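>>> one predicted model, sequence on top.
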Amino acid sequence: MTLAAQDSIHVELLLEPRVPAGEPVRLRLRAENVTQHAIDLYLRGRAPTLDVVVGRGDGTVVWHRLEGEIIPAIVQLRALRPGERLEVDASWDQRTNAGEAVAPGDYVVEASLLTDGEPLRAPPRPLAIRSAAR
């Protein structure tokens, strides 16, 4: 995928901005072709691969979806027609990579779709995890 193609793809991360502690956080990355011509995406993995990083406001990473994962050296071609969207879903169980539950508080979520070059990155989104008492 060329740099021009990256500029022609609108990428956004969709998630609920506030979730109760302990509930799964549903994440969806949407990549949309905003041009008037088809764009070829060269995506890594057997299926489109979504990477997600959840961190605290100070930048400390609490969860990295692909930490320790091996992504197959497979590249698949996906042509997006004008206006067509590619959506990839994931879920986070509010646990760190070490398996510990995270505390209620404010977090930042970053997501990207892996390609054969630079990932398609969505702008970071805030996430507030609230205890049941709030």
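Happy to help now that I have it.
>>> ok, what's across the strand from residue 88?
According to DSSP bridges, residue 29 are recorded as the beta-bridge partners of residue 88.
>>> I'd guessed it sits against residue 29; true?
Yes: judged on Cβ atoms under 8 Å, residue 88 makes contact with residue 29 at a distance of 5.0 Å. Where C-beta positions appear, they are placed from N, C-alpha and C, glycine not excepted.
>>> for these two, list the residues in contact with both.
The contact sets of residue 88 and residue 29 overlap at 50, 113 (Cβ atoms under 8 Å, 6 or more residues apart in numbering).
>>> quick one, which of those two is more surrounded?
Just comparing residue 88 and residue 29: by other Cβ atoms under 10 Å the higher neighbour count belongs to residue 29, 24 against 18.
>>> who's in contact with that one?
Contacts for residue 29 were tallied using Cβ under 8 Å, 6+ apart; they are 11-14, 50, 87-90, 111-113, 122.
>>> neighbour-wise, which of those leads?
Highest neighbour count within those: residue 111, with 28 neighbours (other Cβ under 10 Å).
>>> just the pLDDT for that residue.
The predicted local confidence for residue 111 comes out at a pLDDT of 97.
>>> the one 3 residues further on now?
pLDDT recorded at residue 114 is 91.
>>> so who does the residue most central in space within the chain touch?
When Cα atoms, centre = their mean is applied to the chain, the residue found nearest the centroid is residue 111 (2.7 Å). By Cβ under 8 Å, 6+ apart, the contact set of residue 111 is 13, 27, 29, 50, 51, 52, 53, 90, 121, 122.
>>> now, which of those residues lie within strands?
13, 27, 29, 50, 51, 52, 53, 90, 121 (DSSP state E).
>>> so among the residues you listed, where is pLDDT lowest?
Note: of the ones in strands among the contacts of residue 111, the lowest pLDDT belongs to residue 50, at 91.
>>> mind listing what it touches?
27, 29, 65, 88, 89, 90, 111, 112, 113, 114.
>>> go with 10 Å
Under the criterion of Cβ atoms under 10 Å, 6 or more residues apart in numbering, the contact partners of residue 50 comprise 13, 27-29, 65-66, 87-90, 111-114, 119, 122.
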